[in-house]
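1. with the input below, show me the fold.
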Amino acid sequence: MLFSSVLTGSLLRVLILFRGYRSGILGTYSWFYTYIASSLLADVLINLARVDYVGVYKPVYWACQFATLAIGCGLILEIFRHVLEPYPGAERFARAVCLVTFGVIFLVGFLFPRSSPLDLQAASIELERDVRSAQIVFFVAILAVISHYAIPLGRNMRGMMLGYGIYLLVSLATLSFRAYIGMDFDRIWRVIQPLSFNLSLLIWLIALWSLKENPKPKREVRIETDYEALAALTRDRLRALRAHLGRSTR
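-> Next comes the predicted model:
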């Protein structure tokens with residue numbers, strides 16, 4: 001069953017890349033297709049290294065896991081970029097927060113691992129759980145923005161977000177169970193994880209069959225105005241704080 005799930009996932013990714021090429025939207029959703037291609041390449045490399053003659057399987061496996069995890073953060077940037085494209089100030093702010101947050105998580109995960117650095121599996125699970133948690137926070141935040149400002153979404157973005165949301169929720173749940181239950185949960189995890197990813201791939205294949213970008217909103221969306229007001233308020237508070245600290249030091 002596991003081999004069947006892996007093969008199905010590989011075929012779905014090939015189809016997604018092929019349809020993206022044929023429909024001419026590879027460049028429109030570059031982060032998304034980079035993630036699909038990198039995860040497919042990672043599977044190929046892992047399977048090539050599975051015959052472990054010289055002890056290369058584990059290093060290749062964990063290197064591929066890390067690479068796809070890092071590239072997968074770009075899906076959040078992709079969603080922010082297309083949802084907030086008409087509002088450049090808000091989009092730049094969201095992109096900066098994402099990059100700083102993920103950068104800090106990876107840096108702390110490398111410098112101060114909670115598990116022994118020699119225990120690659122435990123350290124990888126902890127890092128992935130932290131990254132998935134941050135991704136879910138950003139995902140919920142963009143859902144709240146879409147709902148609050150009634151931002152219309154096209155079929156491409158609706159499908160991308162639906163598939164990604166399913167995969168994030170299942171990933172975080174299974175990673176939490178693996179952390180608390182331990183190796184006994186691995187047999188279940190090896191079934192649930194690829195099945196949930198294949199479901200996301202199927203949703204993405206259907207949603208991104210052709211280009212269907214976000215429609216223009218029918219009414220004025222005040223997100224840029226609200227962002228500018230928030231940015232101005234933040235700058236005023238920072239100036240007041242610096243002035244207060246300056247008086248205190250004198």
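
2. list the buried residues of stretch 76-88.
-> Within stretch 76-88, the residues that count as buried by 16 or more other CB atoms under 10 Å are 76-84, 87. All C-beta atoms are positioned from the backbone trio N, CA, C, and that covers glycine.

3. pull the distance from it to the chain's centre.
-> Remark: stretch 76-88 is offset 14 Å from the chain centroid, using CA atoms, centre = their mean, to the nearest Å.

4. CA atoms only: put it into CSV for me.
-> Provided in CSV are the C-alpha atoms of stretch 76-88 (Å, rounded to 0.1, in the frame of the first residue of the first chain):
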residue,chain,number,x,y,z
ILE,A,76,2.7,30.6,2.1
LEU,A,77,4.6,33.3,0.3
GLU,A,78,2.8,32.3,-3.0
ILE,A,79,-0.6,32.6,-1.3
PHE,A,80,0.2,35.9,0.3
ARG,A,81,1.6,37.2,-3.1
HIS,A,82,-1.6,36.4,-5.1
VAL,A,83,-4.2,37.2,-2.4
LEU,A,84,-2.5,40.6,-1.5
GLU,A,85,-1.2,41.4,-5.0
PRO,A,86,-3.5,44.5,-5.4
TYR,A,87,-2.3,45.8,-2.0
PRO,A,88,1.6,46.1,-2.3
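
5. residues in contact with the helix or strand hosting Gln193?
-> Assessed by DSSP states H and E, Gln193 sits inside helix 186-207. For helix 186-207, contacts defined as CB atoms under 8 Å, 6 or more residues apart in numbering pick out 1-2, 5-6, 8-9, 12-13, 15-16, 19, 32, 36, 155-156, 158-160, 162-164, 166-167, 170-171, 174, 177-178.

6. swap in stretch 70-82?
-> By CB under 8 Å, 6+ apart, stretch 70-82 touches 29-32, 34-35, 38-39, 91, 94-95, 98-99, 102, 106, 131, 135, 138-139, 142, 156-157, 160-161, 164, 213-214.
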